[in-house]
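Asks: Okay, here's the prediction I keep looking at, along with the sequence it came from:
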Amino acid sequence: MTNATWDPGQYLRHAGHRARPFLDLLARVPGLPTQAPRIADLGCGPGNVTVLLTERWPAAHVTGHDNSPEMLDAAHTEHEGPTTGGGRLDFAPADIRTWAPAEPYDLIVSNATLQWVPGHADRFADWIAGLRPGGVFAFQVPDNIDAPLHALMRELAGTPRWKSRLADVLRHTDSVHAPGAYLDRLVRLGCATDVWQTTYFHVLGGEDPVLDWVKGTGLRPALTALADDPEARDAFLTEYRDLLRQAYPSAPYGTVLPFRRLFAVAVKEA
């Protein structure tokens, strides 16, 4: 995963919009094999969506995994502990590139994380092998690497002023596969699989809200790379902000951010 430094406060500034795709993903997850399921959330961030798993399955033992100390600190503080149905929610550090189930799981889920993990589809076999029969692997990822907020970021990072510091730290255009590629991989692993895409039209408020949004996610590697040079960081943000203002003009009711996401729910053969 990326070595960016994450800011839970910045990420949570748009928590409602960011949580909606996870709720849409969970709505397509069928019943799990056991009454007190074992669940893993890969890339849990500050835990604000991980806790939604305990609302759907209150008797579950849910563990959120992340490689960001800042995100895990927020998750431990705000969400860890027993659940109303006799289950438990906890959090642990993990590198998703190497994480593998150490016990049988009923559900392995990942929300807006796998795009940061090179070769993530190669991990599917190990994760599905760790599911109980009838268990579920489900994930959603941003599928908009060609959208202006990413394309403009890459173009700016590739200009002479920024290329040496930023060109190699941003997400690549192949960080998410085509829907059919995920479907083929998961079906061949013995899963009944549902793959789909949804484009959300988020109406954002405030000044420069698209910049504010991306400062919590896609821009983190660039902000981390420039952290030791505040003057350069601010100059880059100003240039990027001006490009975003043209690409995402404001309206009287706010600024519209179209955002396409890709979803997959794979049920292991019982």
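Replies: Looks like it came in fine.

Asks: Helices of the stretch 101-250 of the chain, start to end?
Replies: Ranges of helices within the stretch 101-250 of the chain are 124-129, 148-157, 163-166, 179-188, 209-214, 220-225, 230-247, based on DSSP state H, counting those that start in this stretch.

Asks: got the contact list for D41?
Replies: Counting by CB atoms under 8 Å, 6 or more residues apart in numbering, D41 makes contact with 49-50, 53, 62-65, 109-111. For the C-beta atoms, the positions are set from N, CA and C on the backbone; glycine is no exception.

Asks: Please tell me how far the residue lying closest to H65 once chain neighbours are set aside sits from R132.
Replies: Closest residue to H65 apart from its sequence neighbours, by CB to CB, 6 or more residues apart in numbering: A94 at 3.7 Å. The gap separating A94 from R132 is 20 Å, by CB to CB, to the nearest Å.

Asks: and what of D41?
Replies: The gap separating D41 from R132 is 17 Å, by CB to CB.

Asks: And the helices of the stretch 101-250 of the chain: which comes nearest D7?
Replies: Nearest of the helices of the stretch 101-250 of the chain to D7, taken as CB to CB: helix 220-225 at 7.6 Å.

Asks: Assign D24 to helix, strand or coil.
Replies: Classification of D24 using DSSP: H, G, I helix; E, B strand; the rest coil returns helix.

Asks: swap in L72?
Replies: Quick answer, by three-state DSSP: L72 is helix.

Asks: related to what we said a few turns ago, could I get the helices of the stretch 101-250 of the chain as a markdown table with mean pLDDT, distance to P69 and mean neighbour count?
Replies: Shown next, in a markdown table, are those (pLDDT from 0 to 100; distance: least, CB to CB, whole Å; neighbours: other CB atoms under 10 Å):
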| stretch | mean pLDDT | distance to P69 | mean neighbour count |
| --- | --- | --- | --- |
| helix 124-129 | 98 | 24 | 18 |
| helix 148-157 | 95 | 25 | 18 |
| helix 163-166 | 92 | 24 | 14 |
| helix 179-188 | 98 | 30 | 16 |
| helix 209-214 | 96 | 22 | 21 |
| helix 220-225 | 93 | 13 | 21 |
| helix 230-247 | 97 | 21 | 15 |
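
Asks: Out of these, which gets nearest to A27?
Replies: helix 179-188 (18.4 Å).

Asks: which residues touch the closest one?
Replies: 121, 124, 128, 137, 193, 195-197, 262, 264, 266.

Asks: Just the buried subset of those, written out for PyMOL, thanks.
Replies: Command for PyMOL that selects the buried part of the contacts of helix 179-188, burial taken from 16 or more other CB atoms under 10 Å:
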select buried, resi 124+128+137+193+195+262+264+266
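
Asks: now, which of the contacts of helix 179-188 lie within strands?
Replies: Under the assignment DSSP state E, the contacts of helix 179-188 contribute 137, 193, 195-197, 262, 264, 266 to strands.

Asks: possible to save the residues you listed as a markdown table with pLDDT and distance to A27?
Replies: Shown next, in a markdown table, are those (pLDDT from 0 to 100; distance: CB to CB, whole Å):
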| residue | pLDDT | distance to A27 |
| --- | --- | --- |
| F137 | 98 | 16 |
| T193 | 98 | 16 |
| V195 | 98 | 15 |
| W196 | 98 | 12 |
| Q197 | 98 | 15 |
| L262 | 98 | 16 |
| A264 | 98 | 14 |
| A266 | 98 | 16 |
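
Asks: For those residues, work out which two are farthest apart.
Replies: Applying CB to CB across the ones in strands among the contacts of helix 179-188, the maximum distance is between F137 and Q197, 18.0 Å.

Asks: farthest-separated two in the contacts of helix 179-188?
Replies: So, the contacts of helix 179-188 by CB to CB: farthest apart are I128 and Q197, at 21.9 Å.
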